[in-house]
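**Q** structure, please.
(chains A and B)
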There are 2 protein chains.
Amino acid sequence: MSQLPEPIERLITQFERLPGIGPKSAQRLAFFVTTMTQEHVQEFAQALLTIHQELMICESCCAISDRSPCNVCGDPLRDQRMICVVQDTRDMIAIERMKSYDGLYHVLGGAISPMDGIGPDQLHFRELLQRIVDEKVEEVILATNSSVEGEATALYIARLANSFGQLKVTRIAHGIPVGGDLEFADEMTLKRAMEYRRPM
Amino acid sequence: MSQLPEPIERLITQFERLPGIGPKSAQRLAFFVTTMTQEHVQEFAQALLTIHQELMICESCCAISDRSPCNVCGDPLRDQRMICVVQDTRDMIAIERMKSYDGLYHVLGGAISPMDGIGPDQLHFRELLQRIVDEKVEEVILATNSSVEGEATALYIARLANSFGQLKVTRIAHGIPVGGDLEFADEMTLKRAMEYRRPM
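**A** From the prediction side, this is the model:
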């Protein structure tokens, strides 16, 4: 056996496609699957297969959901005047966990990144502008990541949205995390924390 | 959406069952699957399903393989007089990669660990003894891990195997890794390196 059995090689290739899983981890995971019961393996395969069958993109906010409109967009109690723009459905879920924001969302599906060939057309920008035009939106909260791409995306939306006159455009705050030690904060965070200091 | 869509929750549960994957990674992986093409997802599910269908335990050395006897046991050119005892099929593959050992293997399927309820009966010991009795084995090389369990297992086999008179029983060497810096070696490794020093 100068190499691995073919079925294991195949599974390793599959695991290697996942983000953050290198060759060594992929091999460990594939061998772990050989020790799982047939029932568990079937459940796993089934869970993978149903992902595309049962999930869709919400026609309003573009979030990944099992229904359209999604639970948030379909909830009449949510504040229809606020749209929080995020890069990813996971960001929306993180904000939902906080249980204190009751407006709507818009999921871009990424950030503008010319290096990766991702421009506004590859993201759900058109849908966002349509919503600003059609719906009674009063505030757009930009909650894209604080990476270079996220900031560029926020700036791009801010410029577009500000052209709508009445519309309030805000950016979520960046600074020292609550409970975070000042001495461990990185330079950029510290710089932001100083820059955006507020009177008290 | 106070919680994740049900199909994603299901997939997260599946990923969390894998070793070394926590809740955060499982969520990241599940969302990544939503971005994969349907074709890739199907390939992944198929690779999982074929694992149990196409893999078996080699009737001779107990390694996980796609045939029985496995490629090594079925190769008449391998030296039938040596059996290298390893804990896991992965260990066997690591030794095969070296391309300089041409004997046979025996995969125990783990190490003796009373804490986890694993005794000799839960491992492929009986098969090993049978091979020592039936085949023309002249040397048993113990290549179990250097953990407490691996050492205990090696000691257990050594005692059993030594009762077969003629049989030579050896343990792979432990010491400073080649290219490793002495100052970074842990205490146990250093202790072994001194203990097993050899004349030159």
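**Q** if I look at the closest residue to residue A:65 other than its chain neighbours, how far off is residue A:146?
**A** When the adjacent residues along the chain are set aside, residue A:65 lies closest to residue A:58, with 4.9 Å between them (Cβ to Cβ, 6 or more residues apart in numbering or on different chains). For every residue, glycine as well, the C-beta is placed using N, CA and C. Between residue A:58 and residue A:146 the computed distance is 25 Å (Cβ to Cβ, to the nearest Å).
**Q** ok, residue A:18 next?
**A** Between residue A:18 and residue A:146 the computed distance is 25 Å (Cβ to Cβ).
**Q** is the longest helix along chain A positioned near chain B?
**A** Secondary structure of chain A per DSSP state H: the longest helix is helix A:38-54. Yes. If you take Cβ under 8 Å from any Cβ of the partner chain as the test, helix A:38-54 does meet chain B, through A:38, A:40-54.
**Q** filter the residues you listed to the buried ones?
**A** Buried subset of the residues of helix A:38-54 next to chain B (neighbour count, 16 or more other Cβ atoms under 10 Å in any protein chain shown): A:41, A:43-45, A:47-52.
**Q** can you pull up the most central residue in chain A?
**A** Centrality entry for chain A: nearest residue to the mean C-alpha point is residue A:88, 1.6 Å, by Cα atoms, centre = their mean.
**Q** look up the closest residue to that residue, ignoring the ones flanking it.
**A** Spatial nearest neighbour of residue A:88, chain neighbours left out: residue A:107 (6.7 Å); criterion: Cβ to Cβ, 6+ apart.
**Q** neighbours of the one you found, how many?
**A** Counted with other Cβ atoms under 10 Å in any protein chain shown, residues neighbouring residue A:107 total 26.
**Q** then residue A:144?
**A** For residue A:144, the count of nearby residues is 25 (other Cβ under 10 Å).
**Q** quick one: the spatially closest residue to it that is not a sequence neighbour and chain B, what's the gap?
**A** Nearest in space to residue A:144, with sequence neighbours left out and distances taken as Cβ to Cβ, 6+ apart, is residue A:150 at 3.9 Å. With distances taken as Cβ to the nearest Cβ, to the nearest Å, residue A:150 is found 17 Å from chain B.
**Q** three-state assignment of residue A:150?
**A** Following DSSP: H, G, I helix; E, B strand; the rest coil, residue A:150 is assigned to helix.
**Q** compare residue A:18 and residue A:146 (neighbour count), which wins?
**A** Set residue A:18 next to residue A:146 and count neighbours by other Cβ under 10 Å: residue A:18 wins out with 19 against 15.
**Q** residue boundaries of the helices in chain A?
**A** Secondary structure of chain A (DSSP H): helices located at A:6-16, A:23-35, A:38-54, A:89-97, A:125-134, A:148-162, A:187-195.
**Q** which one of the ones you listed lies closest to residue B:111?
**A** helix A:23-35 (14.7 Å; Cβ to Cβ).
**Q** next, the angle from the closest one to helix A:38-54.
**A** Here helix A:23-35 runs at 120 degrees with respect to helix A:38-54, directions being taken by axes from the mean of the first three to the mean of the last three Cα atoms, to 10 degrees.
**Q** what about helix A:23-35, near chain B?
**A** Yes. With Cβ under 8 Å from any Cβ as the threshold, helix A:23-35 lies in contact with chain B, specifically through A:25, A:27-34.
**Q** what is the nearest of those to residue A:142?
**A** Sorting these by distance to residue A:142 puts residue A:25 at the head of the list, at 35.3 Å, by Cβ to Cβ.
**Q** and the contacts of the longest helix of chain A?
**A** Around helix A:38-54, the neighbours that count as contacts under Cβ atoms under 8 Å, 6 or more residues apart in numbering or on different chains are A:33, A:36, A:66, B:5-8, B:10-11, B:13-14, B:17, B:30, B:33-34, B:38, B:41-42, B:44-46, B:48-49, B:51-52.
**Q** now find how far off-centre that helix is within its chain.
**A** In terms of Cα atoms, centre = their mean, to the nearest Å, the gap separating the centre of helix A:38-54 from the centre of its chain is 23 Å.
**Q** is residue A:79 in a bridge, and if so with what?
**A** On DSSP bridges, the residues paired with residue A:79 through beta bridges are residue A:103.
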